[in-house]
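**Q** mind folding the following:
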Amino acid sequence: MDFLSVLGLLLGFSAILLGNSLGGGELSFLLNFHAFVIVVGGTLGATFLQFSPATVWQSIKVTLWIFLPAKIQLQAGIDKVGEWSSLARKEGLLGLEGVIENETDPFARKGLQLLVDGNEPEVIRSSLEVEINTREDMDLKAAAVYSAMGGYSPTIGILGAVIGLIHVMQNLANPELLGEGIAIAFVATIYGVGLANLLFLPVANKLKNQVYLISQGKEMIMEGICSIAEGENPRNIELKLSGYLLN
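**A** Numbers count the residues shown, from 1 in each chain. Next up is the predicted model:
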């Protein structure tokens, strides 16, 4: 569990509510169903229009990374590559066949299979890079869904404010109806700007960072497997891969 994400989410919205309360406002002042429908509905509509169903679905799946990020254990990966390298040096590449059967990571298993099959380092690198780039591109598009929502929601909030002001102008002769229009106008703006800066944009950036960390872990495994294919010394391979720990 990423407790910093939970803390950030609670702290951001709590600060708004507390500030409103300290200024003499009530919680009911910030609750307006009409404004909520305009901002959230309009933002989702614009986002759905921009992206494909597959990208939207992927964005929903990767949302779990905000609170349950994938564990990228670089040191454990380096140790594992070192063991593969030592085994290959002692028993040859065919000695890694047993490792493939026990490997749980599909990416590492694919790389090891390419290695055992006797492919050249360039072929191994090319094949693995395709998978890394494809997966990274798909996950970054999923993160871009939240970036788009963060861009649309403030504008939709302004649109809601204009709609509220139109209601005000239409009911100038009925003072009792003015309050609802003014409430929609201001609360819609709060919803649009608040959701963008407290939720959508931070989530998008959090997901992007997670995508880069996952890609980094796969790149390290790829470098290790290619180094084994090139016949490098196990110790040198571990020293080279330790550079990933500096990030």
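**Q** enumerate every residue touching the most centrally placed residue in the chain.
**A** In the chain, the residue lying closest to the centroid (C-alpha atoms, centre = their mean) is residue 207, at 1.6 Å. By C-beta atoms under 8 Å, 6 or more residues apart in numbering, the contact list for residue 207 reads 62, 63, 65, 66, 139, 142, 143, 146. For every residue, glycine as well, the C-beta is placed using N, CA and C.
**Q** what packs against the lengthiest helix in the chain?
**A** The helix of greatest length in the chain, counted in residues with DSSP state H as the criterion, is given as helix 121-170. Using 3 or more C-beta pairs under 8 Å, 6 or more residues apart in numbering; DSSP states H and E as the contact test, the elements touching helix 121-170 are helix 42-50, helix 53-62, helix 106-116, helix 175-195, helix 201-229.
**Q** kindly recompute the last result at 10 Å.
**A** Of the remaining helices and strands, those touching helix 121-170 by 3 or more C-beta pairs under 10 Å, 6 or more residues apart in numbering; DSSP states H and E are helix 33-36, helix 42-50, helix 53-62, helix 106-116, helix 175-195, helix 201-229.
**Q** of those helices, which shows the lowest average pLDDT?
**A** When the helices and strands packed on helix 121-170 are compared on average pLDDT, helix 175-195 comes out lowest at a mean of 79.
**Q** how about residue 201, what does it touch?
**A** Residue 201 makes contact with 146, 147, 149, 150, 151, 153, 195, according to C-beta atoms under 10 Å, 6 or more residues apart in numbering.
**Q** got the helices and strands packed on helix 121-170 as a markdown table, with distance to residue 11 columns?
**A** Compiled in a markdown table, the helices and strands packed on helix 121-170 are given as follows (distance: least, C-beta to C-beta, whole Å):
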| stretch | distance to residue 11 |
| --- | --- |
| helix 33-36 | 22 |
| helix 42-50 | 23 |
| helix 53-62 | 23 |
| helix 106-116 | 36 |
| helix 175-195 | 13 |
| helix 201-229 | 11 |
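**Q** to residue 72, which of those lies closest?
**A** Between residue 72 and those, the shortest gap by C-beta to C-beta is with helix 201-229, which sits at 4.4 Å.
**Q** ok, and for the closest one, which residues are buried?
**A** Counting neighbours by 16 or more other C-beta atoms under 10 Å, one finds that the buried residues in helix 201-229 are 201-204, 206-208, 210-211, 213-215, 217-218, 220-229.
**Q** returning to that earlier point: of the contacts of residue 201, which is the most crowded?
**A** Neighbours here mean other C-beta atoms under 10 Å. Within the contacts of residue 201, the largest count is held by residue 153, at 27 neighbours.
**Q** distance to residue 42 for the contacts of residue 201 - can I get that in JSON lines?
**A** Below are the contacts of residue 201 laid out as JSON lines (distance: C-beta to C-beta, whole Å):
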{"residue": "146", "distance to residue 42": "16"}
{"residue": "147", "distance to residue 42": "17"}
{"residue": "149", "distance to residue 42": "11"}
{"residue": "150", "distance to residue 42": "14"}
{"residue": "151", "distance to residue 42": "12"}
{"residue": "153", "distance to residue 42": "8"}
{"residue": "195", "distance to residue 42": "11"}
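**Q** and residue 50, how many neighbours?
**A** Residues contacting residue 50 under the criterion other C-beta under 10 Å number 15.
**Q** sorry, slip of the keys, the one I care about is residue 60.
**A** Residue 60: 10 surrounding residues under other C-beta under 10 Å.
**Q** which single one of the contacts of residue 207 is nearest to residue 97?
**A** The nearest member of the contacts of residue 207 to residue 97, counting by C-beta to C-beta, is residue 139 at 31.2 Å.
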